[in-house]
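K.L.:
the following block contains a protein sequence and its predicted model.
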Amino acid sequence: MNKFIFLSQKEWDDPLFRFYFDTLARELGNQNYLVEFVNPCDTLEKIVEPNHHLIINFLYKDTDAIRAITKLEGGSYTTVCFASDVENYDVYEDAYRVADAFICPSEIHKRVLGYAFDLPIYPLIEAIDPLISASESKVLAPIEGRRLVWFGYPESYRRSMPIFENTIQEALELRYIDSFSVISLESLKNELPATFRFLPFTTSQLTTQLKEHDLTLLSHVPLDLSINSFIKSPNKAVSSIATGLIPICSDTPNYRELMNSLGLQQYLFESPKTLREILKILAQTENAQLNNYLHTAHHYIEKHYRATNQTRLYLKIVADLKIQNPSHSIGKVPLKFFKSPDSEIKLRFYVRQQWAKLKKLLQ
């Protein structure tokens, strides 16, 4: 009989924990499966049980969990690593050594991870954020204005948003939007234009803050030329719709797939110009039409991204892994990753710059 172990310290402020571990553990418990949260800093030997096959779930960046798994001896268990951002492959190397499988947010994550890691990789939807309770997500306030909001960490804003600031300020001047708010950490506050409204981010207040708006701007634009920006999951769009906002999304693969499913593909942008056009069109669209769009999208999200649907897919993955008979006891071949010689590249660039300046002086 399977017992599901979630190896985690219950980091409620971590979206990855909430979208996967909290939702899965709750729903598995509701379905009368054996579920236990185990602090990875505790002694893991006590969880090994002769009558149960353990499904040990851990997050890719949890070094304490990885260390604890390496100390396990004996017992019947399968280890499942939950992936998210792919800034580089190195951060997954330790997890790969102890994992029997990876679970990731989308098919494109699966393809990217699959280039480096030769073990089963399964896409699994991230459920609606549990911060948004069932009662809140079923009662939508009608869209009556054009209050636009962006939410995320300061580094995400700095990567993608400065190029769109003039467009947003123009939209404010032309009354395409009533206001523009940024929900983030205090370190970003003083970097914003004076016409932007800043709201300090706290996990407990996020849902309430989002509900004060009508539209959300989601800008995973790969201006940093990073694969991670390009493949970002659509969880912010899911959260936006669940709280009653229409998302305006960067035209990246996962956003495009979701927006096509929602019938909102007209609100995908790839440049300041297309964002300006979308904000203009939204300003001219009747509230009744926008509310129709929202209710259709909300119905889709409630059907496909609820915890019960996520858990059903997760149990299929677990069943497939049992058939494949994972081999965590077999030592894996060490991986060798390409390292970009940044210092060498910067030196060559600097030398070319100085040579160009010298030639100009000699002319």
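P.N.:
Looks like it came in fine. Numbering: from 1, shown residues only.

K.L.:
in what helix or strand does Asn260 lie?
P.N.:
Under the criterion of DSSP states H and E, Asn260 resides in helix 253-262.

K.L.:
now Leu148
P.N.:
Using DSSP H and E, Leu148 sits in strand 147-151.

K.L.:
list the contacts of the helix holding Asn260.
P.N.:
105-106, 108, 218, 220, 230-234, 237-238, 241, 247, 249, 265, 267-268, 296-297, 300-301, 304 (C-beta atoms under 8 Å, 6 or more residues apart in numbering). The way it works is simple: take the backbone N, C-alpha and C, and place the C-beta from them, glycine included.

K.L.:
thinking again about what came up before, avg pLDDT for the strand holding Leu148?
P.N.:
Mean pLDDT, strand 147-151: 98.

K.L.:
which strands border that strand, and is each parallel or antiparallel?
P.N.:
Using DSSP bridges, strand 147-151 pairs in its sheet with strand 179-184 (parallel), strand 215-218 (parallel).

K.L.:
quick one on the thing from earlier: give me the buried positions along the helix holding Asn260.
P.N.:
By neighbour count on 16 or more other C-beta atoms under 10 Å, the buried set for helix 253-262 is 254-255, 258-259, 262.

K.L.:
cool, stretch 26-45 as well?
P.N.:
For stretch 26-45, burial by neighbour count (16+ other C-beta under 10 Å) applies to 27-28, 33, 35, 38, 40, 44.

K.L.:
and it, C-alpha only, in PDB?
P.N.:
Extracted C-alpha coordinates of stretch 26-45, given in PDB (Å, rounded to 0.1, in the frame of the first residue of the first chain):
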ATOM      1  CA  ARG A  26      -5.000  18.000   1.200                       C
ATOM      2  CA  GLU A  27      -6.700  16.200  -1.700                       C
ATOM      3  CA  LEU A  28      -5.000  12.900  -1.100                       C
ATOM      4  CA  GLY A  29      -6.100  13.200   2.500                       C
ATOM      5  CA  ASN A  30      -9.600  13.900   1.500                       C
ATOM      6  CA  GLN A  31      -9.500  10.700  -0.600                       C
ATOM      7  CA  ASN A  32      -8.400   8.700   2.400                       C
ATOM      8  CA  TYR A  33      -4.800   8.100   1.200                       C
ATOM      9  CA  LEU A  34      -2.100   7.900   3.900                       C
ATOM     10  CA  VAL A  35      -0.300  11.200   3.800                       C
ATOM     11  CA  GLU A  36       2.400  12.700   6.100                       C
ATOM     12  CA  PHE A  37       4.500  15.800   6.000                       C
ATOM     13  CA  VAL A  38       8.000  15.100   7.200                       C
ATOM     14  CA  ASN A  39      10.500  17.800   8.100                       C
ATOM     15  CA  PRO A  40      13.700  16.900   6.200                       C
ATOM     16  CA  CYS A  41      15.800  18.000   9.100                       C
ATOM     17  CA  ASP A  42      14.400  15.100  11.200                       C
ATOM     18  CA  THR A  43      15.600  11.600  11.100                       C
ATOM     19  CA  LEU A  44      14.100  10.000   8.000                       C
ATOM     20  CA  GLU A  45      14.700   6.400   9.100                       C
END
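
K.L.:
adjust the sequence numbering to begin at 50 for everything that follows.
P.N.:
Got it, first residue is 50 now, which makes that one stretch 75-94.

K.L.:
how far is it from where the chain is centred?
P.N.:
Counting by C-alpha atoms, centre = their mean, to the nearest Å, stretch 75-94 is centred 23 Å from the centre of its parent chain.

K.L.:
neighbouring contacts of that stretch?
P.N.:
Contacts for stretch 75-94 (C-beta under 8 Å, 6+ apart): 50-59, 74, 96, 101, 107, 111, 113-114, 116-118, 120-122, 179, 356-357, 359-360.

K.L.:
restricted to buried residues, select those in ChimeraX.
P.N.:
Entered in ChimeraX, the line below selects the buried ones among the contacts of stretch 75-94, by 16+ other C-beta under 10 Å:
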select :51,52,53,54,55,56,57,74,96,101,107,111,114,117,118,121,356,359,360
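
K.L.:
taking the contacts of stretch 75-94 one by one, which sit in helices?
P.N.:
Those of the contacts of stretch 75-94 mapping onto helices are 74, 113-114, 116-118, 356-357, 359-360, per DSSP state H.

K.L.:
and these, which two are furthest apart?
P.N.:
The span of the ones in helices among the contacts of stretch 75-94, defined through C-beta to C-beta, is set by Arg116 and Thr357 at 33.3 Å.

K.L.:
picking that back up, kindly reformat the strands paired with strand 196-200 as CSV containing mean pLDDT, distance to Ser275 and mean neighbour count.
P.N.:
Listed next are these as CSV, based on pLDDT from 0 to 100; distance: least, C-beta to C-beta, whole Å; neighbours: other C-beta atoms under 10 Å:
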stretch, mean pLDDT, distance to Ser275, mean neighbour count
strand 228-233, 98, 19, 21
strand 264-267, 98, 16, 26
